[in-house]
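In: quick one, what's the 3D model for this:
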Amino acid sequence: MNVLSAYSIKGGVGKTALAVNLAYALRERGQRTLLLDLDPQGAASFYFRVDCAEKFRMRNAHSMAAGFRRNVRESDFPGLDIIPSNLAYRNFDLVLEGMAKRRKQLRAMLEEFKPDYDVILMDCPPNITLLSENVFRASDIILVPVIPTILSQRTLAQLIDFFRDEELPGKRLRPFFSMVQKRNKMHREMMNALPELHPGFLKTAIPFSADVEKMGLHRKPLLAYSSACEAARAYRALCNEILAPLGPRS
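Out: Next up is the predicted model:
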């Protein structure tokens with residue numbers, strides 16, 4: 001089982017659109033996929049027409065896994081299951097704070113899903129918290145959408161610095177350009193400069209697209225209702241680029 005996460009310190013960069021469309025693309029590739037919506041806003045759950053999760057008590061990794069398992073929902077697309085969000089997830093840090101090995105509980109919990117799925121993909125809230133540290137330690141790849149602007153460059157640098165200061169494996173961070181406007185001079189310049197500063201950048205870029213913004217109207221992934229558009233092709237290319245180096249995780 002491989003664990004991926006869609007993460008950014010900065011909101012509004014296409015993180016949830018990535019999680020929703022990548023989950024769909026993984027399922028298209030024959031990967032048994034579980035999308036875990038950890039963002040209290042629950043946008044990923046909304047896009048898949050899934051109601052919010054039922055509340056449950058979390059005392060340790062085992063009880064956390066049991067609660068999440070009770071909330072697994074089948075999506076409209078066979079091979080893709082959802083664990084929806086709940087507004088109570090805003091208190092996740094308080095729960096983790098009281099646990100032993102508080103930075104590794106999520107990793108231990110996800111291991112209990114290992115027999116059932118090929119890939120677990122997490123949509124994460126946009127901040128650095130104890131839950132984020134759990135995500136960093138549980139993930140094989142942390143996908144970081146970066147709009148080619150100064151503020152996105154700054155938040156990426158902050159994330160890289162955090163990984164270095166906490167002695168986390170920086171090679172797990174895989175930034176990629178999101179919401180790209182090819183006619184924007186700054187976007188073009190940043191796309192040339194940033195990969196030289198941060199060699200981990202993925203080659204695939206996701207274009208800015210009105211089709212993506214319509215996901216809320218359709219309440220389904222872009223790939224399910226506009227499969228041939230430029231952004232849909234880019235999400236599939238990104239999926240292929242991510243899957244290429246992945247092997248089975250023990």
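In: just checking, what packs against the helix or strand bottoming out on mean pLDDT in the chain?
Out: Ranking every helix and strand in the chain by mean pLDDT, DSSP states H and E puts helix 92-97 at the bottom, with a mean of 77. Packing partners of helix 92-97 (3 or more C-beta pairs under 8 Å, 6 or more residues apart in numbering; DSSP states H and E): helix 130-138. Using the backbone N, CA and C atoms, a C-beta is placed for each residue, glycine as well.
In: now do the helix it packs on: which elements does it pack against?
Out: strand 2-6, helix 92-97, helix 105-111.
In: quick check: angle from it to strand 2-6?
Out: 140 degrees (axes from the mean of the first three to the mean of the last three C-alpha atoms, to 10 degrees).
In: quickly run through the sheet partners of the next helix or strand after helix 130-138, with directions.
Out: Next along the chain after helix 130-138, taking DSSP states H and E as the criterion, comes strand 141-146. Using DSSP bridges, the strands paired with strand 141-146 in its sheet are strand 2-6 (parallel), strand 173-177 (parallel).
In: what's the last one in contact with?
Out: This points to strand 173-177. By C-beta atoms under 8 Å, 6 or more residues apart in numbering, the residues outside strand 173-177 that reach it are 141-148, 156, 159-160, 163, 191, 194, 198, 200-202, 204-206, 238, 242.
In: buried subset of those residues, written for PyMOL?
Out: Typed into PyMOL, the line below selects the buried ones among these, using 16 or more other C-beta atoms under 10 Å:
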select buried, resi 141+142+143+144+145+146+147+148+156+159+160+163+191+194+198+201+202+204+205+206+238+242
